[in-house]
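Peer 1: Just a sequence and a predicted model for now, questions to come.
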Amino acid sequence: MRKQGLQIAGFATVVAAIQLVTSLTGNVYHLTQLTMSAYYSLVVLGLCILTGYAGQISIGHAGFFAIGGYLSALLTTHDLSAHGGLIVSGLAAMGILTRRPDLYGGDLLTVHPWPACIFAVLTAVAIAFAIGGPVLKLKGHYLAMATLGFGIIVYRIVLGTELVGSADGIYNVPAFPLLPGIVVSGKSSLRVMNYYVAWGFVILGMVFLLNLVRSRVGRALASIHGAEDAAEAMGIPTARYKLKIFVVSAAFAAVAGVLLTHYNGGIGPSESSVMKSVRYLAIVAIGGMANLWGTLLMSLLLNYLSLRGYFGTYDDAVFGGILILIMLFAPDGLLRRQLFEELRAAVFPAGGEKET
Amino acid sequence: MNLDLFLQYMVAGVTYGTIYGIVAVGFNMIYNATGIINFAQGEFVMLGGMTAVTLGRFLPLPAAILGAVLITMIVGALLEILFIRWLHRPSVLRMIVITIGLSILIREGALHIWGESVRALPYFTGTSVTSIRLGGVYISPQVLWVVGIGAVVVAILAGFFRYTLLGMQMRACAANRDAARLCGISAKNMVTFSFMLSAGIGALGGCIVSPITYVQYDSGVPLAIKGFTVAILGGLGNSLASAGAGMLLGILESLSISVLPAAYKDVISVAILLGILFVRPSGLFGSVEEARLKEF
């Protein structure tokens, strides 16, 4: 437990150091991409626990991200004042509606971001719960295809539905007042605060997941990854654990979707595309599969490079290439936890004893 | 919906169904040889169509199609030799991820070679407005080409696997790899060959439908999904059944347009895929007992 606390503290120090360096050298604009990387990292961490630890592949996680983001965006931008009626006045009486001026000086009556966020995440969780049962019965190709199919359905629906802006997506999404004084918003004056908010979420998520993998659940997941039938024979309710972890990882993706949408002020259909799901998977693979820290570092690095445009028009090709290379040469992931021990053993063959 | 309209939808469904069937036959061929699903199968169709359009600028149509099929076959063989042949007993998860990666690389390569523009081969006979009237239904001659060539391909394949030595060697490898190797068959070469054949069939499919459906760098993904749906529908590994299942999906899809907005067309086939996976993963024509023993 102490080691874990030190790791978290070390990571928080790095996060703070990056902010200080960028602020002192006058490069604060980097923090915008780093904030976005943080939200994408939440999705990747959720996928890491599902694919890396429990061994269940998902090529549809962008779907959960999009469900969260789109629902929250829709509820906080769709003007209800024209609808009237019992439902709207009921919602207003419950205090979950909010009025704000729109771009043209008119008056918008929309759902407040908090209830919208809760509704969006709960919906994603409910969908994960509903499809998780039958999906997770599948293995191998079928599991890959089913999750891919789910992602494609979400993508096609957001692309083909006018209510959510079809190919344009939803824009003018309002800022999200999390707590008094703390707002998730892309305003450049709030850049530093948002950087800390985003990485605060990542650290919270990290603490939760690190504790999860050390718990009874984590050991059960590892046994499912190793040999599902054997785990079942040992009395581990494998189906229930797989479903639980699928829902947890969907919730991570949905929360990230909601927060990033409010941060960016909008969301488009590309967020739910298959390429995004594949990208998350590539990051988990390069991060070492069952290695939360490795995955987090790689996610920070690769998302940042990608968002800053370092890969240019080869963006998707880079992630495709990463996937192939990792799977060809290091199918257990690149930054495996055993890697360092193996390296040490290779350099100092006699059980770590150094020649003097 | 009156009868003529219904028949018109059926014609469209059969056209699309043929191409889905062709993609599914390609899936099955590689699945039978290796036990893996090649997620890059749709990319072969795209490559075939794109290459033929480019070659068609300075070659007559039949030569351009032949050239495109040959080039795609070489690409298929190269993929297998470079990325799959030397792996020692790869896990299913590993193969899935590798073929997904390959499909992305091929797609991105096509984007950089050909750009985002939409292309098409010319109609094989007549133009886009030429049509033959059969009863109350108008049929483009290209539809007859698609269905005709599709049927010929399936027939030739059936004959190839049944009567030629190479075909029998491939079937032997599919049935029992180790026993086939004991008989002196090079299982590795058979896998390479199945990739070539599957790429060639996909490319041919891409050429014959491109006048109707057009082709662009990313048209492979939806085809792969539908091809896979069809392969599952027919029972994985069963080529003849998948040709039939292709028709079924094509018809369902084109009838769905009369009920749902066309933008949701792809949702239908994916929903069917999920339904089949959840309820009957052995496929409509497959045996449940047999499917339980397979490792997917």
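Peer 2: Happy to help now that I have it. Residues are numbered from 1 along each chain as shown, chains lettered A, B, ... in the order given.
Peer 1: Could you see whether chain B lies near stretch A:238-255?
Peer 2: No. Using CB under 8 Å from any CB of the partner chain, stretch A:238-255 stays clear of chain B, coming no nearer than 14.1 Å. The C-beta positions use only the backbone N, C-alpha and C, and glycine is treated the same way.
Peer 1: ok, and what's touching stretch A:295-307?
Peer 2: A:11, A:33-34, A:36-38, A:40-41, A:44-45, A:48, A:52, A:202, A:206, A:279, A:282-284, A:286-288, A:311, A:315, A:318-319, A:322, A:334-335 (CB atoms under 8 Å, 6 or more residues apart in numbering or on different chains).
Peer 1: Give the buried residues for it.
Peer 2: Residues A:295, A:296, A:297, A:298, A:299, A:300, A:302, A:303, A:304, A:306, A:307 are the ones in stretch A:295-307 that count as buried (16 or more other CB atoms under 10 Å in any protein chain shown).
Peer 1: could you measure residue A:46 against chain B, distance?
Peer 2: Per CB to the nearest CB, to the nearest Å, residue A:46 is found 18 Å from chain B.
Peer 1: how about the helices in the stretch 251-356 of chain A?
Peer 2: With helices called from DSSP state H, counting those that start in this stretch, the stretch 251-356 of chain A shows them at A:274-286, A:292-307, A:315-329, A:338-347.
Peer 1: Which of these sits closest to residue A:160?
Peer 2: Across the helices of the stretch 251-356 of chain A, residue A:160 has its closest neighbour in helix A:274-286 (15.8 Å, CB to CB).
Peer 1: just checking, what packs against the closest one?
Peer 2: If contacts are counted by 3 or more CB pairs under 8 Å, 6 or more residues apart in numbering or on different chains; DSSP states H and E, helix A:274-286 sits against helix A:30-47, helix A:61-77, helix A:140-160, helix A:292-307, helix A:315-329, helix B:92-114.
Peer 1: hang on, residue B:37 is in a strand, isn't it?
Peer 2: No. Assigned with DSSP: H, G, I helix; E, B strand; the rest coil, residue B:37 falls outside any strand and is coil.
Peer 1: phi, psi of it?
Peer 2: Main-chain dihedrals, residue B:37, degrees, to the nearest 10: phi -100, psi 130.
Peer 1: For it, grab the count of nearby residues.
Peer 2: When neighbours are defined as other CB atoms under 10 Å in any protein chain shown, residue B:37 has 26 of them.
Peer 1: Okay, the closest residue to residue A:109 other than its chain neighbours and residue B:259: tell me how far apart.
Peer 2: In space, and not counting its chain neighbours, residue A:109 is closest to residue A:81: 3.9 Å by CB to CB, 6 or more residues apart in numbering or on different chains. Residue A:81 sits 34 Å away from residue B:259, going by CB to CB, to the nearest Å.
Peer 1: Next: residue B:7.
Peer 2: Distance, residue B:7 to residue B:259, by CB to CB: 17 Å.
Peer 1: which residues sit in contact with residue 21?
Peer 2: No chain specified, so I'll use chain A. For residue A:21, the contact set (CB under 8 Å, 6+ apart) comprises residue A:27.
Peer 1: nope, chain B
Peer 2: Counted by CB under 8 Å, 6+ apart, residue B:21 has contacts B:150, B:154, B:230, B:242, B:243, B:244, B:245, B:246, B:247.
Peer 1: The second one: helix or strand, and which one exactly?
Peer 2: It stands for residue B:154. helix B:141-163 (DSSP states H and E).
Peer 1: quick one: contacts of that helix?
Peer 2: B:11, B:14-15, B:18-19, B:21-22, B:25, B:123-126, B:130-132, B:166-168, B:170-171, B:201, B:204-205, B:208-209, B:211-212, B:239-240, B:243.
Peer 1: Spatially central, which residue of the chain would that be?
Peer 2: In the absence of a named chain, this looks at chain A. residue A:43 (1.3 Å; CA atoms, centre = their mean).
Peer 1: Show the pLDDT at it.
Peer 2: We note a pLDDT of 96 for residue A:43 in this prediction.
Peer 1: Same check on residue B:119?
Peer 2: Confidence score, pLDDT, at residue B:119: 89.
Peer 1: So, low pLDDT: which residues of the chain?
Peer 2: Answering for chain A, as no chain was given. The model of chain A has pLDDT under 70 over residues A:1, A:84, A:103, A:105, A:337, A:349-356.
Peer 1: meant chain B, my bad for not saying
Peer 2: Looking at chain B by pLDDT under 70, you get B:1, B:282-296.
Peer 1: need the longest helix for it.
Peer 2: Taking DSSP state H as the assignment, the helix of chain B that covers the most residues is helix B:3-34.
Peer 1: Which elements pack onto whichever helix or strand comes after that helix?
Peer 2: Of the helices and strands lying after helix B:3-34 in sequence (DSSP H and E), the nearest is helix B:41-55. Here helix B:41-55 is seen to pack against helix B:3-34, helix B:61-79, helix B:92-114, helix B:187-213, helix B:220-234 when contacts are counted using 3+ CB pairs under 8 Å, 6+ apart.
Peer 1: Which among these is found nearest to residue A:152?
Peer 2: Nearest to residue A:152, of these and by CB to CB, is helix B:220-234 at 6.3 Å.
Peer 1: name the helices or strands packed onto the closest one?
Peer 2: When contacts are defined as 3+ CB pairs under 8 Å, 6+ apart, helix B:220-234 packs onto helix A:140-160, helix B:3-34, helix B:41-55, helix B:92-114, helix B:239-256, helix B:265-279.
Peer 1: mind checking how far stretch A:37-57 is from the chain centre?
Peer 2: Chain-centre distance of stretch A:37-57: 7 Å, with CA atoms, centre = their mean, to the nearest Å.
Peer 1: wait, residue A:220 sits on residue A:239?
Peer 2: No. Using CB atoms under 8 Å, residue A:220 is not in contact with residue A:239; the gap is 11.5 Å.
Peer 1: Common neighbours of these two, please.
Peer 2: In the contact map built from CB under 8 Å, 6+ apart, no residue is linked to both residue A:220 and residue A:239.
Peer 1: what about the nearest residue to residue A:152 once chain neighbours are set aside, neighbour count?
Peer 2: Nearest non-adjacent residue to residue A:152, counting by CB to CB, 6+ apart: residue B:270, 5.2 Å away. Residues near residue B:270, counting by other CB under 10 Å, number 24.
Peer 1: OK, contacts around residue B:270?
Peer 2: Contacts of residue B:270 (CB under 8 Å, 6+ apart): A:149, A:152, A:153, A:156, B:225, B:229.
Peer 1: okay, now the closest residue to the last one other than its chain neighbours: neighbour count?
Peer 2: Same thing as residue B:229. Leaving aside its sequence neighbours, residue B:229 sits nearest to residue B:273 (CB to CB, 6+ apart; 4.0 Å). Neighbourhood size, residue B:273 [other CB under 10 Å]: 26.
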